[in-house]
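Colleague: below are the sequence and a predicted model; questions follow.
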Amino acid sequence: MNKKWTIDKIKEFVENNSESKLLTTEYHGFSQKLLFKCACGSKFEKTFTKFKNKHQRKCDVCQPPKESR
């Protein structure tokens, strides 16, 4: 069963599960990159899928990308 995410639900998820803030005000689907503000003040973009499922919840400075295999 697929859960339909809205911008309000995403904002609530971000607030409850990370120190980042959601800056994007509209959500058009899972492939859209959303703009976030990290706890350090840096802005970064991630899809909600990566943010939610892959725990990429900080900017690349605070949470560097993992090395490719």
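Modeller: In hand now; what should we look at? Residues are numbered from 1 along each chain as shown.
Colleague: in this protein, which spans are helices?
Modeller: Assigned by DSSP state H, the helices in the chain fall at 7-17, 48-53.
Colleague: tell me the helices and strands packed up against the longest one.
Modeller: Right, the one you point to is helix 7-17. With contacts taken as 3 or more C-beta pairs under 8 Å, 6 or more residues apart in numbering; DSSP states H and E, helix 7-17 sits against strand 21-22, helix 48-53. Every residue, glycine included, has its C-beta placed from N, CA and C.
Colleague: low-confidence stretches in this protein?
Modeller: Applying pLDDT under 70 to the chain flags residues 1-2.
Colleague: quick check, Val61 in contact with Cys40.
Modeller: Yes. Judged on C-beta atoms under 8 Å, Val61 makes contact with Cys40 at a distance of 6.7 Å.
Colleague: how many residues are close by Phe44?
Modeller: 21 (other C-beta atoms under 10 Å).
Colleague: so what's it up against?
Modeller: 35-36, 38, 58-60 (C-beta atoms under 8 Å, 6 or more residues apart in numbering).
Colleague: which of the residues you listed lies closest to Ser18?
Modeller: Distances from Ser18 to the contacts of Phe44, taken as C-beta to C-beta, are shortest for Lys58 (7.5 Å).
Colleague: quick one, phi psi at the spatially closest residue to the closest one that is not a sequence neighbour?
Modeller: Leaving aside its sequence neighbours, Lys58 sits nearest to Cys38 (C-beta to C-beta, 6 or more residues apart in numbering; 5.2 Å). Cys38 adopts backbone torsions of phi -70, psi 160, taken as degrees, to the nearest 10.
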